[in-house]
Every structure is written in C-alpha cells, then in structure tokens.
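Engineer: no FASTA, just this:
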C-alpha cells in the first residue's frame, strides 16, 4: 500500500472536503486499513468525515484530529457514564476505555441511556462497546468488566489523557483522585442527586478533588433524593465539555472550582476548592 494512493482515493471521493462513511468503508477494503487508520489519514489531510460535519463550525479540523488522537477512560457506565460515553463517541474521541463490572437492572431504566428491557442482565461495559461501534466505527473502545480498585488502578489508567469519574461512591472516587494525581492524569468529576449535581476537575499537579472527597460519607445525597432521568444527562454533558476543554488545553476549565447545579431553583454557582 502506498499512502499517496490512499490520499488520492480519499480526495477523489470527497466533496467540499467532506467524505461519506461509504467511501471510508471502501478505503478500508481497498487498502486493507482499519476505519481508525482511514479517519487519521482523512483528518491529517484536511478531509472531514461527514459524520462530523456538524462539529465543523465549533471545532477546527486540527481539533478534530486531536480528538481522534485522544484516549479517555470512563470509570462507570451507568447514569453518568452512559451519557459521557455516548457523547465522546459522537464527538470522535479516538480511544475509550470503559470500566464497569455491573449488569443492567430494572431500576436502571429510568435514567441510564445504555439500558433497555432487552439488555437487563447484560454487561454495562460490553453494551457500551457494542453501542459505540454502531455509532462510530472509527473509535477504539476497550471494555473492562471489572471493578476499579487499588490493585488494578495503574493498569486501568495507563495511557489515558483524561479520566472521567462516573462512580457512585466516595471510597472509589477518593481512590481514583489519588491514583490520577499519582499518575499525573487530569480527572473530571461529576455527581448527582435529585435536582442537584456538581462538576469539577483535578489537574495533574493539584489534589483539589482529593480534598473534596476526603472525610465524606461513602454514599452522597443520591441515596436520599434518588436520580431522575434529566440530572445525569445534564451533568454528564458538562463533564464531556470539561473533558474536551482539558484535551484542547483550554484555560477556562473547572480545575480547583466546583460547579454546582440546582435544577429546582434553576441556579448555578461556583465554589473554589
């Protein structure tokens, strides 16, 4: 295979610097490439896959290429994690590692995007991978059907550019914050309960989330207020924005700040950490 031939094919079958997924699939067959490899060549040459066309007014092609080259690990594939994974896949994040040892249960149906009646009893992490590949075949998604803990933390976090906390207990969150700090990986936090939610991030050199999580009850207000359908969708979306801000090295991120949402009062406030 000669790269010039691939580029000539892709350019010859693009229109206004957009290329359809059918032509991408044709390139994978013709040149024995993966969809991920084809997407990398396209973006490197200034050709945008058509599925990202509605991204193009928000992100330049160099930023789309940066998404493609990024590796994000999402710990938890439930209420927050399902929405986080969905949006990162649609944005074009190149590699996702998704971690959850749980199976779908009936009480997940009120809020978890990945759940459905026919998936009850099925693995959340494996379901996330299956759904992701139906949406964006250029994404490499690695499901780990294990519980995040001290023994496997280094393996789970290895190679991550950003880690997203979609956990539901303070013990695991505190461990995750400590491990991310030790491995110098940015961490995006989100939590929810009833009408309330919060989002923050921890930079690789500041223990802001460790300080937030220490000496807190293992279960938060969600155990008292429940989790309706709308709160995880909103908070997860904010986590995705923060993840993108960190990938693009934007200064206006939530490091050392806690964004607090009160949907009952339709109020937003910030706390310094």
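Structural biologist: Yep, that arrived. Remember, predicted model here, so these are calculated numbers, not experimental data.
Engineer: which secondary element of the chain has the worst mean pLDDT?
Structural biologist: Within the chain, no helix or strand scores below helix 222-225, which has a mean of 77 by mean pLDDT, DSSP states H and E.
Engineer: if you count contacts, what does that helix end up packed against?
Structural biologist: Using 3 or more C-beta pairs under 8 Å, 6 or more residues apart in numbering; DSSP states H and E as the contact definition, the elements that helix 222-225 packs against are strand 187-193. Every C-beta, even on glycine, is put in place using the N, C-alpha and C of the backbone.
Engineer: what average pLDDT does the strand it packs on get?
Structural biologist: Throughout strand 187-193, pLDDT has a mean value of 97.
Engineer: what strands flank it, and is each parallel or antiparallel?
Structural biologist: The pairing partners recorded for strand 187-193 under DSSP bridges are strand 162-165 (parallel), strand 196-202 (antiparallel).
Engineer: just these: most buried one?
Structural biologist: Highest mean neighbour count among those (mean count of other C-beta atoms under 10 Å): strand 162-165, with a mean of 27.
Engineer: below-threshold pLDDT in this protein: ranges please.
Structural biologist: Regions of the chain meeting the criterion pLDDT under 70 cover residues 1, 220.
Engineer: who are the packing partners of the longest helix along the chain?
Structural biologist: Under DSSP state H, the helix in the chain containing the largest number of residues is helix 230-247. The contact analysis (3+ C-beta pairs under 8 Å, 6+ apart) places helix 230-247 against helix 61-68, helix 79-91, strand 162-165, strand 187-193, strand 196-202, strand 257-262.
Engineer: 6 Å instead?
Structural biologist: Secondary-structure packing of helix 230-247 (3 or more C-beta pairs under 6 Å, 6 or more residues apart in numbering; DSSP states H and E): helix 79-91, strand 162-165, strand 187-193, strand 196-202.
Engineer: which outside residues touch whatever helix or strand comes next after the shortest one?
Structural biologist: Pointing back at strand 162-165 there. Next helix or strand after strand 162-165 toward the C-terminus (DSSP states H and E): helix 170-182. Contacts of helix 170-182 with the rest of the structure, by C-beta atoms under 6 Å, 6 or more residues apart in numbering, involve 148, 153, 163, 165, 167, 187, 202, 207, 209-210, 213, 216, 218.
Engineer: possible to save those as JSON lines with distance to residue 269?
Structural biologist: Listed next are the contacts of helix 170-182 as JSON lines, based on distance: C-beta to C-beta, whole Å:
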{"residue": "148", "distance to residue 269": "30"}
{"residue": "153", "distance to residue 269": "32"}
{"residue": "163", "distance to residue 269": "25"}
{"residue": "165", "distance to residue 269": "21"}
{"residue": "167", "distance to residue 269": "23"}
{"residue": "187", "distance to residue 269": "22"}
{"residue": "202", "distance to residue 269": "20"}
{"residue": "207", "distance to residue 269": "23"}
{"residue": "209", "distance to residue 269": "18"}
{"residue": "210", "distance to residue 269": "22"}
{"residue": "213", "distance to residue 269": "20"}
{"residue": "216", "distance to residue 269": "19"}
{"residue": "218", "distance to residue 269": "25"}
